[in-house]
Structures are given as C-alpha cells and as structure tokens.
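Q: Fold the following, please.
(one chain, ligands or ions: 1)
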Amino acid sequence: MSPSTVIVGGSVGGIRTAQALRSNGYVGEVVVIDAEPHVPYDKPPLSKSFLDNSLEADRIRLISEPEVVESRIDLRLGNKAAGVDLSNRMVVLENGDVVPYDDLVLATGVRARPSPWEASDGVHLLRTLDDAQRLKEDLAGARSAVIVGAGFIGAEVAATVKKLGLEVAVVDPLEIPIGQVLGADVGSRFVGLHHANGVATHYGTGVDFITGSRGDLVVGLSNGVELTGDVVVVGIGAVPNVEWLASSGLALDNGLVCDEYCRAVGQPNVYGVGDIARWFHPRKKQLVRVEHWTNAVEQAVCVAKNIVRPSEPTSYAPIPYVWSDQYDWKIQIAGETAMAEDVVIIDDPANKERFAAVYGDSKGTYCGAATVNWPRAMVQCRRMLEGEFDLSEPVGVLRQMVSSSSKLRSASAD
Ligand SMILES: Cc1cc2nc3c(=O)[nH]c(=O)nc-3n(C[C@H](O)[C@H](O)[C@H](O)COP(=O)(O)OP(=O)(O)OC[C@H]3O[C@@H](n4cnc5c(N)ncnc54)[C@H](O)[C@@H]3O)c2cc1C
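A: So this is what the prediction gives:
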C-alpha cells in the first residue's frame, strides 16, 4: 500500500508542503484538511490589495482547481480537525471522521489575538478572508477609523484605509513601534511616514476602553484622550492554533515544539510548518517561531524533503526575511535586526523615498538589513547574509550602488 501524508491546515504552509512533496517525487496519498470553506488563499493581500479593492478573492488563491487535480491533492475544506491519536496515527475531525496517516504535517498557523475591549460591533480583527470581507464592508460606509496596534498588520491597514480616503488614527503603547525590530533611527522614519500621509499617531499610550458601536465608536486611551471612529481595527498580535492538540501528547509551548528537522519532539512522523512551528534553530541554538510568509514556504520545502528522505533529514536554518507594503514604501527586512548593536543608514540623495539600513552585531559582524523601495539593494544584502562579513562590507557595496546610479543619472542627463 502506498504511504499517506496528512496535512492539517490548508494555507500557505500546508499547500506549499503538498506541492513540495510532489516536486520531490512523493507518490503516496496527500490529504490537506482545512477548517475554512474557501479555496486556499494567500493572506498578505488581505491588508493591502484585497482590502483596497484592487484584487478580488479569486486573484489571491494559493492553488487553482486544475493544480489540485494535477498534483493529486485530496483537499478536504470546511473540515476542522479536533485531535490527533498518535498511537494509532489518526487525525480525528470535529465531525467524527478519522483520517489515518503515515506522516502528519501540522500547519494550523495562528489566529488574531482577540480584542480585550468590550465593544464588538464595528470592531474588527484581521486574519482570514472572511475577516477582510467584513472589514471591507464596514469601511465602505465609513469616514474614519482607529487602528489599535502599529505592528506590520496595523501599519498596513492604516495605510490602506487612508488610501480609501478615511481619516485614520493609529494607537500603540510603544513610542516608536517598529523601533524594537529596526532600531529607533529607522523606526522614526516609519513614524514620519504615517504623518507624511496624514495619519495621526498616538504612540506611547495604551487603550483603556472601546465603547459604542459601528459608526459611533470611542477608543479611550490611557493618557485620557478619546478617539472617535466609525470603524476600529485591533491588530495586537496572534495566538498559535494548538488547542486542538492539547490532549495529543505533543509538546506544545507557544506553538508546536519541533527539533531542527521540524519534527515534533519525540515524534519522528509528525512535522510542524509555518506560523505554528516553534523549532530548534541550529544556528541560533534556540527555539524560534516565525510569523512570516517566506518562512512558511521555506519550511514547507524542508519538511517535504524530510518526509521523502527521512534517513538523511535536512536541518532548517533559514535567514529570516519579511516584506511589507505601507503607503508607497516597499519594505524588505532580512536577517537579525532586532538584536543588532550597530546600524548604518545609507540614503540615496537622488531618491528621498529610498534607503537601506544595515545592522551589525556586538562583534561588528554584518547580521541584518532593511531596505525601502530598493529591491536591488536587498538582493545584495540577502546574498551577503549567507556569508560572514564585517559591517563595513555591505555598507561599501550599498554606497557603491548609490554612487554608480548617480553617475549613470548624470551621464544620461549629459
Ligand atoms: C492580513 C495579513 C497580512 C500579512 N502580510 C504579510 C506580509 O506582507 N509579509 C509576510 O511575510 N507575511 C505576511 N503575513 C503573514 C503570513 O500570511 C503568514 O505568515 C502565513 O499565512 C502563515 O501561513 P501558515 O500556513 O503557517 O498559517 P495560516 O495562514 O495561519 O493558516 C493556517 C490554516 O490552518 C487552518 N486551521 C486552523 N486550525 C485548524 C484545525 N483545527 N483544523 C483544520 N484547519 C485548521 C486555518 O483555517 C488556516 O487556513 C500576513 C498575515 C496577515 C493575516
């Protein structure tokens, strides 16, 4: 009998695992189970082009129906998994069905952290297609919005909602929200970006209450200010979807705990992929969990290889990468920027909307980079993160890029 792999979670982590199994020559059965009824879709557009109506739902699909057939994926949508029986190698669904497996991939991701404040009508979370659809409907008749939380999702929603023509205010307890990731100097530029686009920021203050209902909501800040909005979006982080595994015996601690091969600890036939997986990163020598799209894709590829070739598993040691689109900034971040000791910002005098920041660790070794509207610089920065360089080296490369493009510009002006 041919083997079977069951993948629970049919978003980017689950679907890319199924596809990578096939491209690695896996001939067994591949079953993908997802709680949502929708054809698997991509989440990044939900705060950007889907929310601003430039992309419809059928343009954000992760896989087409012909591809499902061609890849021989048994896609079971609208089916919530309720538990795993490890000793009998079975997934138990909420409807009572059982699905046997030889290998099991857990890719149930995270959900938006619920709003701790009382009001609910007109107060939105954003994680799923249905969330985004509901938010779009409320925004259509609204004139103002308050965004609580200025992380990636909050900042992207603020930018999109502003583009739709609403008055927007953003609240965050941190003085410089992205400063934790990119440092205060770079973070201040992100604060300035909101202001330049006419968005009010209320940073360094928390939220005490939200009252009212759609069209007439009040967000009470800890500093006494009361903001009014027709719509409120709460973007205060996410929670791993692991509760359904509580009685399985799998190690759960802020996600599914996995070894360096992304195998659930003590369970060689169970793997974690994407936002749910907290795996032992062999270079960092610690458990990490990453909530970014590229990580889900790269981890899916690694897990598929390890299922196909379990006797020679590949360890998973990615260089982190994330992108974000806010207003007219295309933001790309790679490597370890949060723990850096030093940062050098490289501006392009000819283009004020583009810059790069490169980061060094305590030994002066290059460890991360962020770029704005400069994808070519990010290609160089990511390539150099694969080796070991003194911080001065990427700085030199980027300065050289600025100077060559300014020479090119003056030559073409001559
Ligand atoms: C609005 C938004 C914008 C984003 N923008 C970016 C961006 O610009 N750049 C970037 O790098 N990342 C971005 N991300 C993050 C990126 O989308 C996630 O990292 C990625 O979706 C993780 O994929 P995943 O498959 O691990 O989990 P998820 O996408 O969370 O999918 C998990 C799936 O599991 C299903 N599921 C959960 N529990 C069960 C169960 N018990 N039984 C069956 N199915 C279940 C869910 O229905 C869901 O389909 C964004 C995320 C959001 C929400």
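Q: how about the helices in this protein?
A: Here the chain has its helices, by DSSP state H, at 12-23, 65-70, 129-140, 152-163, 179-182, 184-196, 293-308, 375-385, 392-413.
Q: can you redo these as JSON lines with mean pLDDT, mean neighbour count and distance to Val257?
A: Where you see a C-beta, it was placed from the backbone N, CA and C, and this is true even at glycine. Shown next, in JSON lines, are the helices of the chain (pLDDT from 0 to 100; neighbours: other C-beta atoms under 10 Å; distance: least, C-beta to C-beta, whole Å):
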{"stretch": "helix 12-23", "mean pLDDT": "98", "mean neighbour count": "24", "distance to Val257": "16"}
{"stretch": "helix 65-70", "mean pLDDT": "96", "mean neighbour count": "12", "distance to Val257": "31"}
{"stretch": "helix 129-140", "mean pLDDT": "98", "mean neighbour count": "16", "distance to Val257": "28"}
{"stretch": "helix 152-163", "mean pLDDT": "98", "mean neighbour count": "24", "distance to Val257": "25"}
{"stretch": "helix 179-182", "mean pLDDT": "94", "mean neighbour count": "18", "distance to Val257": "24"}
{"stretch": "helix 184-196", "mean pLDDT": "97", "mean neighbour count": "17", "distance to Val257": "32"}
{"stretch": "helix 293-308", "mean pLDDT": "98", "mean neighbour count": "23", "distance to Val257": "14"}
{"stretch": "helix 375-385", "mean pLDDT": "97", "mean neighbour count": "18", "distance to Val257": "26"}
{"stretch": "helix 392-413", "mean pLDDT": "85", "mean neighbour count": "14", "distance to Val257": "34"}
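Q: Please produce JSON lines containing those helices, extended by distance to the ligand.
A: Compiled in JSON lines, those are given as follows (distance: least, C-beta to the nearest ligand atom, whole Å):
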{"stretch": "helix 12-23", "distance to the ligand": "3"}
{"stretch": "helix 65-70", "distance to the ligand": "15"}
{"stretch": "helix 129-140", "distance to the ligand": "7"}
{"stretch": "helix 152-163", "distance to the ligand": "5"}
{"stretch": "helix 179-182", "distance to the ligand": "13"}
{"stretch": "helix 184-196", "distance to the ligand": "15"}
{"stretch": "helix 293-308", "distance to the ligand": "4"}
{"stretch": "helix 375-385", "distance to the ligand": "13"}
{"stretch": "helix 392-413", "distance to the ligand": "22"}
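Q: Including distance to Ser120, could those go into JSON lines?
A: Shown next, in JSON lines, are those (distance: least, C-beta to C-beta, whole Å):
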{"stretch": "helix 12-23", "distance to Ser120": "29"}
{"stretch": "helix 65-70", "distance to Ser120": "36"}
{"stretch": "helix 129-140", "distance to Ser120": "12"}
{"stretch": "helix 152-163", "distance to Ser120": "18"}
{"stretch": "helix 179-182", "distance to Ser120": "29"}
{"stretch": "helix 184-196", "distance to Ser120": "27"}
{"stretch": "helix 293-308", "distance to Ser120": "29"}
{"stretch": "helix 375-385", "distance to Ser120": "40"}
{"stretch": "helix 392-413", "distance to Ser120": "48"}
